[in-house]
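> model this:
(2 chains)
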There are 2 protein chains.
Amino acid sequence: MGIVVQKYGGSSVADADAIKRVARRIVEAKKAGNDVVVAVSAMGDTTDDLLDKAHAVSPLPPARELDMLLTAGERISMALVAMAISDLGYSARSFTGSQAGVITDAVHGKAKIIDVTPGRIESAIAEGHIVIVAGFQGVSADTKEITTLGRGGTDTTAVALAAALRADVCEIYTDVDGVFTADPRIVPAARKLDRVTYEEMLELAASGAKVLHLRCVEYARRNDIAIHVRSSFSQLHGTIVAGSIDDSAPEEGTMEQAIIAGVAHDRSEAKITVVGVPDKVGEAARIFEVLAGVGVNIDMVVQNVSAAATGRTDITFTLPRADGQGAMAALARIQDEVGYDKLLFDDRVGKVSLIGAGMRSHPGITANFFSALASAGVNIGMISTSEIRISVIVDEGQIDDAVRAAHTAFDLDADEVEAVVYGGTGR
Amino acid sequence: MGIVVQKYGGSSVADADAIKRVARRIVEAKKAGNDVVVAVSAMGDTTDDLLDKAHAVSPLPPARELDMLLTAGERISMALVAMAISDLGYSARSFTGSQAGVITDAVHGKAKIIDVTPGRIESAIAEGHIVIVAGFQGVSADTKEITTLGRGGTDTTAVALAAALRADVCEIYTDVDGVFTADPRIVPAARKLDRVTYEEMLELAASGAKVLHLRCVEYARRNDIAIHVRSSFSQLHGTIVAGSIDDSAPEEGTMEQAIIAGVAHDRSEAKITVVGVPDKVGEAARIFEVLAGVGVNIDMVVQNVSAAATGRTDITFTLPRADGQGAMAALARIQDEVGYDKLLFDDRVGKVSLIGAGMRSHPGITANFFSALASAGVNIGMISTSEIRISVIVDEGQIDDAVRAAHTAFDLDADEVEAVVYGGTGR
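Next up is the predicted model:
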């Protein structure tokens, strides 16, 4: 008998009917002979409602108290899920993050899980109960204060529980069928991936795919926990995130490996160009030091070759749009010190990324990608690559065209691809 | 520097404005040089809303999970109060019942406090913080499960904290100005009591006065904690509940002692008469044994002298109206066994009680009470007395007349009484 960890997000427990549906699903897993541990998020808009309440009494609520407040959200949903299970004749016990042994650092609002001590969960399992755990929350090792994990917190809770309990699988239930080769709203022919490696999933998540959070995938990879991303609205098999690209030579694994896993896009970036930076040692360092000082995360960076005549160069980088104002203000303050000419800000850009473990062993991917973009009339602004990813910055208005062109160029569109990748398996 | 414990109920923290007002009040107490510890209830209708949510997923939710759910209510209000205080420039820390060391038995839904281990609260006080504690909740010593305390739970939390912290006073904030000589809605001339003993307050609470719960007063008496009942909407002095009637001979204390503290009434009782019970040893015992078996609390009991001719007697008792159906059903089941003639049920009765420590040393109180009722045309159904209380059961329609008649007969009406009790103090 194995342990299955499941995670249900806010939309899966949005109201009484949704909670009852989730309860039936949980009971099915129990009936199938598994021990079941479930991490739940707060119901639907609860977290936003609580934030509104906080801001009604204090424009800048203390982070410790904000965590106290927000953790009430999962407490409500976990108890309701446990009640709905009990109404089906099965016994459930709910536990807060603290009770479940989710130990974090002391950074309120975005704490990191540093350990899971699941003694109470294991006892409850041993007594035959289904266990429901509040996602998104924990207790700090040093201060014993209640913490929240920030974005993707409940996914990470689920994976951390799966690791601590040595679960067979961590099922992440969501409102889509799994991980797709591209956003189906842009590419109707996008295909659900049956399987994707941790590294590919990390690059997909970092490149704008929203189905799983980066930190949850990182936690799973570090602990070798298979994640099954699937829909809470259907019984379909979703996407298994498991296996490292280093575990086997490309295309020698037990399953056939597509060259390209998918095409991701990201509309949340902006581009800043620092024009006419004196081409001296340390100038670029000074610029990025200042940006780091105001907490700006830089994504891609390009520095033009300096024009010999002027001895000056242009530095262009991308960053989250939300950080744009802060970055521009910080750079303006060092204009005299650095001696650059001017700043340009462009928030009408997007990033399109091609991701696939197979590109390591298949030369020519970059050339094919760029030629597909050119055929579609897409102009490439900036380029960055990793071992298994190629990203380009394009004009915001050309994101969709770029995604579609790449998806078709690499045979990812459903009709052609299924025959190639899945051969005669008939699935 | 002393410790002041304050308690604010659901209506005092019903919305953002109310919470800000409470925060200002708490800060005033801190500014006055006190260490301040506050117990709060859930906001306004939160508990009812959570109960609705529970019943939407399960008609009979497990008590453990119901406690998990309901305790989210105080978690929300305590965090918001702490935020509002911090917005005023003071530092506050909120704690759940469990964190505050409120240790209870394991009876979910109506747990009893068995100990308070306020280590974290004391540390927070020592660091200069105002402490906000979730009322109504604790953690069981044996099972480590979260419990709720049931009705009057937050009042009891406040008194228990005051006892554990050796506070100077426990201020219970409510929506009335204090404890009155009678319900001002019935007796417009009712007077607020400046002071009342524990015993009198216990009798008042047990006789229908709703301002304080019995268990909270019992806890205060056992630990000799002075309770100050006062309005959260004004700065008026309320009522001090303190001192035992045994501490000094009547009328020899430092304050003048009124003979009668007040007149209480209770509309929640019903009356059952078991007609024609065979006058044999053990028959009455059998009847009350059966009632105890179904969890019915009996209040007053009268057994008529048995009629020599029949060898039968009538037994009449009062009980909470809500238990009426269960009691009638239980008695019906033993009709053959006991051999009584029939059952009579009357839920149109009320109880009127005269309470005062002074009645111990003033003969004739009973006679005055009954003659006042007779003058007002009130018919007395049943009578029960304690050392400091006389209660009568009257027809429901005559409750108000009875309360008014008693209030006037014992000089409790404001104009006459203030001159007698408060003399020339002018207050």
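> quickly list what A:I355 is bridged to.
Beta-bridge partners recorded for A:I355 (DSSP bridges): A:G262, A:R389.
> surely it touches A:I260?
Yes: using CB atoms under 8 Å, A:I355 is in contact with A:I260, at 7.0 Å. C-beta: built from backbone N, CA, C; applies to glycine.
> enumerate the residues of the stretch 101-250 of chain A near chain B.
By CB under 8 Å from any CB of the partner chain, the residues of the stretch 101-250 of chain A that approach chain B are A:120, A:144.
> so where is the stretch 101-250 of chain A shaky, pLDDT-wise?
The model of the stretch 101-250 of chain A has pLDDT under 70 over residues A:247-250.
> for the host helix or strand of A:V229, enumerate the helices and strands it packs against.
Assigned by DSSP states H and E, A:V229 falls within strand A:227-231. For strand A:227-231, the helices and strands in contact under the criterion 3 or more CB pairs under 8 Å, 6 or more residues apart in numbering or on different chains; DSSP states H and E are strand A:169-174, helix A:214-223, strand A:239-241.
> now mean neighbour count too, for those, in TSV please.
Shown next, in TSV, are the helices and strands packed on strand A:227-231 (neighbours: other CB atoms under 10 Å in any protein chain shown):
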stretch	mean neighbour count
strand A:169-174	24
helix A:214-223	21
strand A:239-241	25
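> so which of those gets nearest B:P188?
Minimum separation from B:P188 across these (CB to CB) falls at strand A:169-174, 61.7 Å.
> pull the CA atoms of that closest one into PDB?
The C-alpha trace of strand A:169-174 is given here as PDB (Å, rounded to 0.1, in the frame of the first residue of the first chain):
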ATOM      1  CA  VAL A 169       3.500  10.200  -6.400                       C
ATOM      2  CA  CYS A 170       2.500  13.800  -5.800                       C
ATOM      3  CA  GLU A 171      -0.700  14.700  -7.800                       C
ATOM      4  CA  ILE A 172      -1.100  18.400  -8.400                       C
ATOM      5  CA  TYR A 173      -4.800  19.000  -9.400                       C
ATOM      6  CA  THR A 174      -5.400  22.100 -11.400                       C
END
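> who's in contact with the next helix or strand after that strand?
Downstream of strand A:169-174, the first helix or strand assigned by DSSP H and E is strand A:195-196. Strand A:195-196 is contacted by residues A:179, A:204, A:239-243, A:255, A:261-262 when judged by CB atoms under 8 Å, 6 or more residues apart in numbering or on different chains.
> go again with 6 Å.
A:179, A:240-241, A:261 (CB atoms under 6 Å, 6 or more residues apart in numbering or on different chains).
> and chain A, what are its domains?
As assigned by automatic domain parsing, chain A contains the domains A:3-175, A:251-427.
> deepest of the ones you listed, which one?
Of the domains of chain A, the one with the most neighbours on average (mean count of other CB atoms under 10 Å in any protein chain shown) is domain A:3-175, at a mean of 22.
> distance between that domain and the chain's centre?
18 Å (CA atoms, centre = their mean, to the nearest Å).
> hmm, back to that, closest to A:D67 out of the helices and strands packed on strand A:227-231?
helix A:214-223 (17.5 Å).
> and the angle for the closest one with strand A:227-231?
Relative orientation of helix A:214-223 and strand A:227-231, computed by axes from the mean of the first three to the mean of the last three CA atoms, to 10 degrees: 140 degrees.
> gap between helix A:214-223 and the chain center?
Taking the mean of its C-alpha atoms, helix A:214-223 sits 10 Å from the chain's own mean (CA atoms, centre = their mean).
> list the contacts for the residue in the stretch 151-300 of chain A that chain B sits nearest to?
The stretch 151-300 of chain A approaches chain B most closely through A:S232 (16.1 Å), counting by CB to the nearest CB. By CB under 6 Å, 6+ apart, the residues touching A:S232 are A:12, A:173.
> try 8 Å
Per CB under 8 Å, 6+ apart, neighbours of A:S232: A:8, A:12, A:21-22, A:25, A:173-175.
> and what of A:R25?
So A:R25 contacts A:6, A:173, A:232 (CB under 8 Å, 6+ apart).
> okay, the residues you listed in CSV with distance to B:T313 next?
Shown next, in CSV, are the contacts of A:R25 (distance: CB to CB, whole Å):
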residue, distance to B:T313
A:Q6, 65
A:Y173, 68
A:S232, 67
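> which single one of those is nearest to B:V133?
Using CB to CB, A:Q6 is the member of those that lies nearest B:V133, at 34.6 Å.
> beta partners for the closest one?
Here A:Q6, judged by DSSP bridges, has bridge partners A:V38, A:E171.
> after the helix or strand harbouring A:T318, next one along is what?
Applying DSSP H and E as the criterion places A:T318 in strand A:312-320. Per DSSP H and E, the first helix or strand lying C-terminal to strand A:312-320 is helix A:324-333.
> what sits up against the helix or strand just after that following helix?
Going down the chain from helix A:324-333, the next helix or strand is helix A:335-338, by DSSP H and E. Residues from elsewhere that reach helix A:335-338 (CB under 8 Å, 6+ apart): A:274, A:277-278, A:283, A:286-287, A:343.
> per-residue confidence averaged over helix A:335-338?
On average, the pLDDT along helix A:335-338 is 92.
> can I get that helix in CSV, CA atoms only?
The C-alpha trace of helix A:335-338 is given here as CSV (Å, rounded to 0.1, in the frame of the first residue of the first chain):
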residue,chain,number,x,y,z
GLN,A,335,23.5,58.9,-14.4
ASP,A,336,26.2,61.5,-13.4
GLU,A,337,28.3,58.9,-11.6
VAL,A,338,28.2,56.4,-14.6
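> surely A:V4 meets A:Y173?
No: assessed by CB under 8 Å, A:V4 is found out of contact with A:Y173, at 11.7 Å.
> quick one, longest helix in chain A?
helix A:63-87 (DSSP state H).
> wait, A:A72 sits on A:L51?
No: assessed by CB under 8 Å, A:A72 is found out of contact with A:L51, at 11.8 Å.
> picking up where we left off before, for A:E145, which of the helices and strands packed on strand A:227-231 is the nearest?
helix A:214-223 (20.6 Å).
> which residues are contacting that closest one?
By CB under 8 Å, 6+ apart, helix A:214-223 touches A:113, A:152, A:155-156, A:158-160, A:162-163, A:170, A:172, A:198-199, A:201-202, A:205-206, A:225-227, A:241, A:244.
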